[in-house]
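Peer 1: compute the structure for the input listed below.
(one chain, ligands or ions: 1)
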Amino acid sequence: MMKISHVLFIAAIITGCKAQELEPSTRYVPIDTDATAETKALFQNLAELAKTKVLYGHQDDLAYGYTWFAEDGRSDVKEVTGSYPAVYGYDLGDIVQEEKGTNLDDVDWENMKRWINEGYERGGIITLSWHMNHPATGGNSWDRTPVVADIIPGGELHDKFKSWLDIFAEFNADLKGNDGEAIPVIFRPYHEHTGSWFWWGEDQTTMEDYIALWRFTVEYLRNEKNVHNLLYAYSPDNQGGRELSNYFKKYPGDDFVDILGMDDYGSMDGRNPAEFSDDLAWLVEEAEKKNKIAALTETGVETIPDSMWWSNQVIPSFTSNPKAKGIAYILTWRNAMYEKENRQHFYASHPDHNSASDMKAFRDHSLFVFEDELPGMYE
Ligand code: BMA
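Peer 2: Take a look at the predicted model:
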């Protein structure tokens, strides 16, 4: 099929108009100019779809739910709403502990690869975060010992850090569609750096070092490892609106970021949705200026104490300020299996929860898109 841009160009010649006028400023190009065709298509399609729709995503959706663990085909979101989510999040934490076989939440790596393939083959979108282990202490990402200066170029742990990126590149190389093509991934490393709970956090590193870490990661994966299926998402923590003015404080630059993400748990926990809607609208405007995509990359309220949470907090956060509808997707965090983790730690409704019917209402709202309503995102 002829590309729309070609059709427009030919139409412009025929009618004598300038091609410029007919081609709006809607060419969205990933920072990796050698990105695979599917990755470029995802970026363009997601940007276009974001103008009228907000996709719904869920962390670890196929891996486990409130009452089950690693049962193929299951999904709390599907059991509540009738559809899988449009966006699937998974986390790379503990991938450098190669003998372990599972991630930090016990998700088996081979299962994760299979579920990523399944979601993609159904038309869904994949995003990977990375609660990276501590490069010096052997601890986890919540070990706040400063270390970023040691892992960037020139640092004494730089080679070790590179070997960790190699491990990720190897995992990533196994993410294949059924025709052998690389599955596009929204890669979201070093998240919530405006807070100080991870070793790459605000108090743990300087602006220069954080930016160097980010840029090195992009350049190494793209230029040295030939990884071309990634869209890079930057995701400061907005902390209930308190950090909005710091959003760009350690921004790596337009040449290093595709998606302007935002993590925010506080803003949908009793805050006036109109205020949060203004924050989201601001993010959409910033993304528009840069021809990038805005997304609410992590959110939720643990255990959803308000049975009408989806209607009371989520929907108005996207509709109060009309500009906020320009957010590409919202991703709620994981539904930990209660018996296994021995704690109430879920962020999407599960079938037995009193918020389930309201989540169904959210799913039926015309603004929000689940997997079964997605257009082809990779063409
Ligand atoms: C956190 C919590 C942790 C989990 C981590 C990575 O926010 O859910 O229990 O290990 O994310 O998924």
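Peer 1: what's Val148 in contact with, if anything?
Peer 2: For Val148, the contact set (Cβ atoms under 8 Å, 6 or more residues apart in numbering) comprises Trp199, Trp200, Gln204, Thr205, Thr206, Asp209, Tyr210, Ala212, Leu213. All C-beta atoms are positioned from the backbone trio N, CA, C, and that covers glycine.
Peer 1: recalculate using a threshold of 6 Å.
Peer 2: Trp200, Thr205, Asp209, Leu213 (Cβ atoms under 6 Å, 6 or more residues apart in numbering).
Peer 1: want to try TSV for these, with neighbour count, secondary structure and pLDDT as columns?
Peer 2: Listed next are those as TSV, based on neighbours: other Cβ atoms under 10 Å; DSSP: H, G, I helix; E, B strand; the rest coil; pLDDT from 0 to 100:
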residue	neighbour count	secondary structure	pLDDT
Trp200	24	coil	98
Thr205	24	coil	98
Asp209	20	helix	98
Leu213	24	helix	99
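Peer 1: how about those, which pair is most distant?
Peer 2: The span of the contacts of Val148, defined through Cβ to Cβ, is set by Trp200 and Asp209 at 8.9 Å.
Peer 1: ok, back up a step: any idea which of the contacts of Val148 is closest to the ligand?
Peer 2: Nearest to the ligand out of those is Trp200 (Cβ to the nearest ligand atom; 14.9 Å).
Peer 1: tell me the spacing between Ser245 and the ligand.
Peer 2: Remark: distance between Ser245 and the ligand (Cβ to the nearest ligand atom, to the nearest Å) = 24 Å.
Peer 1: what is the neighbour count of that residue?
Peer 2: 8 (other Cβ atoms under 10 Å).
Peer 1: so it lies in a helix, does it not?
Peer 2: Yes: judged by DSSP: H, G, I helix; E, B strand; the rest coil, Ser245 forms part of a helix.
Peer 1: and the pLDDT at it?
Peer 2: At Ser245, the model reports a pLDDT of 98.
Peer 1: and which of the contacts of Val148 is nearest to Gln239?
Peer 2: Using Cβ to Cβ, Trp200 is the member of the contacts of Val148 that lies nearest Gln239, at 16.2 Å.
Peer 1: how close does the closest one sit to Ile152?
Peer 2: 11 Å (Cβ to Cβ, to the nearest Å).
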